[in-house]
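Peer 1: make a model of this:
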Amino acid sequence: MVSKYHNYFPSLAISVAYKDAKHDIAVAYGKPQTTNREISTKDTFLYGSGTKPFTATAILRLIDQGKLKATDKVTSIVDPYLKAQGQPSLESFFGEAIAKATVLESVRMGTGIRDFEDDFTFDQWVLAPENSSKFWSNYPYDAMSWSTSPQNTKGGGPLYCNPGECTAYSSTGFELAGLILAATLNPSGNWYDFDLATALSDDTSGYPSMVFPPKGHTASKLSAYLTVPGQSTANTWPKTTIYEQDPSILGWTCGNMVAAPRDVAKFFYHLLDAEAAAADAKPLISDASRAEMTNVQTLTTGWNAGRLKYGAGLMALTYGSHTSKERIPVLGHEGDTYGFLSSQGYVPSLKGAYSVATNVDNSAPMEEMVSQMLQTISAALNGVSAAPVVV
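Peer 2: As a prediction, the model looks like this:
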């Protein structure tokens, strides 16, 4: 795959991983020009919206632990935190209707909050050379403000709809989920002091490469966590190398994970494989929460409305050859961020989980890699020959 796309993306690197009860496989290939070395399976990538299932898991864990209720009103949790941080109330950002939004709706795309990427000017602003190296001390608040700005709403109201009356894909909604987590678990700290990893598992040592910067802003450059430079090629934001920017630009709980695919695949296996969870003395979430995550419903408003099915932090995806009717269903999440594209999730038909990460923000290498990988694994497990890979 790297060879096929080399002329288009000469610094392309791809890392893939697959995990089930009997297999733990990881493969990586590529030689980014910035570092001029062959990557390994230990190298880390950015995952963008692939972070959302981890944020949803943290919220569901708090519900399982009785620290939150799914029906709790978000304003009752977040407004005191905002006041302590010297920020205005959620009503000041989103209008009085936001008082109806619940904790569970924050991770089910049901709050009605607009996506701050309905207009990509915010991303262009963040990634501009004069801004991308600075610490964004107000990132979630700036993102929420931008989501309701006239340029982003295009003349509409601050919300797509009243909470609970529609579902719409929104990264801003997952910023709100992050504030719920921070307000519950670290109420006296700034948003950037909250480390999502601490809310994900009783023991995070099983996922050693996984970090969620800015983590108290202990590093001033992404390269402190990220080992593979990314190439921003999209027309939606500046074309540049993603490596030396400040980690606060990643979007926090809607897109800040840095990890190696092997750890991401392992997490999804532990999270969504019922047999693995049953064998774990301390499963990540309860059976009820797992059912909530995987209860996908078609989004009604905004981006991909009427097509994309979404649960609590999970997308319903399918991959396969464009020339074949066979498609392999996945419960997971794709991630598109500055310089990187990824896909990760659980494959019910294989009873296994995977992660594929690429260091270019063009979807073609990632989508083709996922399709080829899952078809190859399916064929191997079912004892049939896989279709040839045409390069």
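
Peer 1: which residues of the stretch 51-200 of the chain fall in strands?
Peer 2: Applying DSSP state E, counting those that start in this stretch to the stretch 51-200 of the chain gives no strands.

Peer 1: residue 196 and residue 55 touch, don't they?
Peer 2: Yes - Residue 196 lies in contact with residue 55 (C-beta atoms under 8 Å); the separation is 6.6 Å. Where C-beta positions appear, they are placed from N, C-alpha and C, glycine not excepted.

Peer 1: what is in contact with the two at once?
Peer 2: Taking C-beta atoms under 8 Å, 6 or more residues apart in numbering as the contact rule, residue 196 and residue 55 both touch 178, 181, 253.

Peer 1: take those and keep only those in helices.
Peer 2: Residues of the shared contacts of residue 196 and residue 55 located in helices (DSSP state H): 178, 181.

Peer 1: quick check, nearest of the shared contacts of residue 196 and residue 55 to residue 73?
Peer 2: Checking the shared contacts of residue 196 and residue 55 against residue 73 by C-beta to C-beta gives residue 181 as the nearest, at 15.9 Å.

Peer 1: and for the closest one, the neighbour number?
Peer 2: Residue 181 has 25 neighbours, counted by other C-beta atoms under 10 Å.

Peer 1: wait, it sits on residue 61?
Peer 2: No - taking contacts as C-beta under 8 Å, residue 181 lies outside contact range of residue 61: 9.7 Å.

Peer 1: need the overlap of contacts for these two.
Peer 2: residue 199.

Peer 1: what residues are up against the spatially closest residue to residue 102 that is not a sequence neighbour?
Peer 2: Spatially, and ignoring its direct neighbours in sequence, residue 102 is nearest to residue 71 (5.3 Å; C-beta to C-beta, 6 or more residues apart in numbering). Contacts for residue 71 (C-beta under 8 Å, 6+ apart) come out as 102, 103, 104.

Peer 1: out of those residues, who's nearest residue 382?
Peer 2: Proximity of the contacts of residue 71 to residue 382 (C-beta to C-beta) peaks at residue 104, which lies at 37.3 Å.

Peer 1: skipping adjacent residues, who's closest to that closest one in space?
Peer 2: residue 70 (3.9 Å).

Peer 1: quick one: the one you found and residue 51, what's the gap?
Peer 2: Per C-beta to C-beta, to the nearest Å, residue 70 is found 21 Å from residue 51.

Peer 1: which parts of the chain are helices?
Peer 2: According to DSSP H, the helices that the chain contains are 52-64, 74-84, 90-94, 103-107, 121-127, 129-132, 139-147, 150-153, 171-185, 261-272, 274-279, 287-294, 363-381.

Peer 1: which parts of the worst-scoring helix or strand of the chain on mean pLDDT are buried?
Peer 2: Least confident helix or strand, the chain: helix 129-132 with a mean of 90, by mean pLDDT, DSSP states H and E. Neighbour-count burial for helix 129-132 flags residue 132 (criterion: 16 or more other C-beta atoms under 10 Å).

Peer 1: for that helix, packing partners?
Peer 2: Packing partners of helix 129-132 (3 or more C-beta pairs under 8 Å, 6 or more residues apart in numbering; DSSP states H and E): none among the helices and strands.

Peer 1: give the contact list for the nearest residue to residue 208 once chain neighbours are set aside.
Peer 2: Using C-beta to C-beta, 6+ apart and skipping the chain neighbours, the partner closest in space to residue 208 is residue 263 (6.8 Å). If you count contacts by C-beta under 8 Å, 6+ apart, residue 263 has them with 206, 207, 208, 209, 210.

Peer 1: do that again at 7 Å, thanks
Peer 2: 207, 208, 209, 210 (C-beta atoms under 7 Å, 6 or more residues apart in numbering).

Peer 1: what is the burial count for the nearest residue to the last one once chain neighbours are set aside?
Peer 2: Excluding its sequence neighbours, the residue lying closest to residue 210 (C-beta to C-beta, 6+ apart) is residue 259, at 4.2 Å. Neighbouring residues of residue 259 were enumerated by other C-beta under 10 Å; the total is 29.

Peer 1: then residue 42?
Peer 2: The number of residues packed near residue 42 is 14, by other C-beta under 10 Å.

Peer 1: ok, it - contacts?
Peer 2: Residue 42 makes contact with 209, 260, according to C-beta under 7 Å, 6+ apart.

Peer 1: tell me the pLDDT at residue 327?
Peer 2: For residue 327, the model assigns a pLDDT of 90.

Peer 1: also residue 119?
Peer 2: Turning to residue 119, the model gives it a pLDDT of 95.

Peer 1: now it: closest residue in space, sequence neighbours ignored.
Peer 2: residue 152 (4.6 Å).

Peer 1: then residue 371?
Peer 2: Residue 371's closest residue in space is residue 319 (C-beta to C-beta, 6+ apart), at 4.4 Å.

Peer 1: so that neighbour touches residue 368, yeah?
Peer 2: No - Residue 319 lies out of contact with residue 368 (C-beta atoms under 7 Å); the separation is 9.3 Å.

Peer 1: mind checking which of these two has more residues around it?
Peer 2: Per other C-beta under 10 Å, whichever of residue 319 and residue 368 has more neighbours is residue 319, with 23 against 20.

Peer 1: quick one, what contacts that one?
Peer 2: By C-beta under 7 Å, 6+ apart, the neighbours of residue 319 are 327, 328, 330, 370, 371, 374.

Peer 1: fine, thanks again, bye for now.
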